[in-house]
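*Asks:* Below is the structure, and that's it, no one-letter string:
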């Protein structure tokens, strides 16, 4: 495994009873049960060598779970990252009919959410704009950009963005243009990259060559790497994933994560595991390497970015 790549834990699924994916598991949905599970998964992750933990205020109770765990354990060797710009709206209501999270990249939202997130210092190392887009106003809001710069200088945090959607490359390019006092503001980039969505590969390699931090999310394509009759266009990919799963004696999840590691060599690949068992299956990605021929085969399975994100937007919260 490349020295610079580590597996991290993202808390998007751990902190709320419903998330965008294709899971059908029956999980106890009470807040108390979710907190107990979160503490167990976080402890298991640390015991298994994971040191990078990523969260956001919109991940239901995820940020509070991480704060509680961090206060309880007090590990000084963890690297924590969080975000600002989305508010969780579902209030733990199953089958919530409205928007589960609402984006707002305003100065008031930044100030509000930073007041909570900053308690993760000093182990908080990366602070990200949650799902930066070209039309959210983040890149032209001078007050917000200068406040992020102030936070950066005051705390020595890396300031970053997370991206989603068919325009990830354009968003990253725009972020790279932002300078405050002749200094780049954004030096960390959390980006979707996986077997089916490979459009950001070239610019992610560029970021790594410039010593920027690259964090990969949705390595399992919100569960779409697992064989599913609803996605017939992935039939050949499913057959190949299953073939390698048998060959390496690991799950399909580990194969998909390994593809990300071996092709891109990012700083971090996030596991989105909900349970300890899922996390330990994901960690098996660190036990082998794909061959160059296997990587070339996977590159054939890439979808167009527009079709990938159109399909993702159609996924329901479960």
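*Replies:* Great, that's in hand. Not measured: the values here are computed from a predicted model.

*Asks:* The stretch 51-200 of the chain: strands as residue ranges?
*Replies:* Counting by DSSP state E, counting those that start in this stretch, one finds strands in the stretch 51-200 of the chain at the ranges 52-54, 79-84, 86-88, 101-103, 124-129, 158-162, 179-180, 183-184, 186-192.

*Asks:* Tell me the helix or strand right after whatever helix or strand residue 260 lives in.
*Replies:* Counting by DSSP states H and E, the element that carries residue 260 is helix 252-264. Downstream of helix 252-264, the first helix or strand assigned by DSSP H and E is strand 268-271.

*Asks:* Residues touching that following strand, excluding its own?
*Replies:* Contact with strand 268-271 is made by 5-10, 45, 50, 52, 54, 190, 213-217, 219, 257, 260-261, 278-279, 282-283, 285, as judged by C-beta atoms under 8 Å, 6 or more residues apart in numbering. All C-beta spots, glycine's among them, are computed from the backbone N, C-alpha and C.

*Asks:* Now, those residues that are in helices?
*Replies:* Judged by DSSP state H, those include 45, 257, 260-261, 278-279, 282-283 as members of helices.

*Asks:* And these, which is closest to residue 160?
*Replies:* Checking those against residue 160 with C-beta to C-beta, the nearest one is residue 260 at 18.2 Å.

*Asks:* my read: the closest one touches residue 196, true?
*Replies:* No - the criterion here is C-beta atoms under 8 Å, and residue 260 misses it with residue 196 at 11.6 Å.

*Asks:* Against residue 232, how distant is the spatially closest residue to residue 5 that is not a sequence neighbour?
*Replies:* Excluding the flanking residues, the one nearest residue 5 by C-beta to C-beta, 6 or more residues apart in numbering is residue 261, at 5.1 Å. Separation of residue 261 from residue 232 (C-beta to C-beta, to the nearest Å): 28 Å.

*Asks:* what about the stretch 1-150 of the chain, any weak spots by pLDDT?
*Replies:* Residues of the stretch 1-150 of the chain that meet the criterion pLDDT under 70 lie in 1-3, 17-28, 89-100.

*Asks:* how about the residue nearest the centre of the chain, what does it touch?
*Replies:* The centroid of the chain falls nearest to residue 217 when counting by C-alpha atoms, centre = their mean (3.2 Å). By C-beta under 8 Å, 6+ apart, the contact list for residue 217 reads 10, 54, 162, 190-192, 270, 272.

*Asks:* Just put the residues you listed in TSV and tack on neighbour count and distance to residue 303.
*Replies:* Output for the contacts of residue 217, formatted as TSV (neighbours: other C-beta atoms under 10 Å; distance: C-beta to C-beta, whole Å):
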residue	neighbour count	distance to residue 303
10	26	22
54	27	25
162	24	21
190	28	20
191	26	16
192	23	12
270	26	21
272	23	20
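
*Asks:* so what's the residue nearest to the centre of the chain closest to, chain neighbours aside?
*Replies:* Closest residue in space to residue 217, ignoring its immediate chain neighbours: residue 270 at 5.0 Å, by C-beta to C-beta, 6+ apart.

*Asks:* Same question for residue 117.
*Replies:* residue 82 (4.7 Å).
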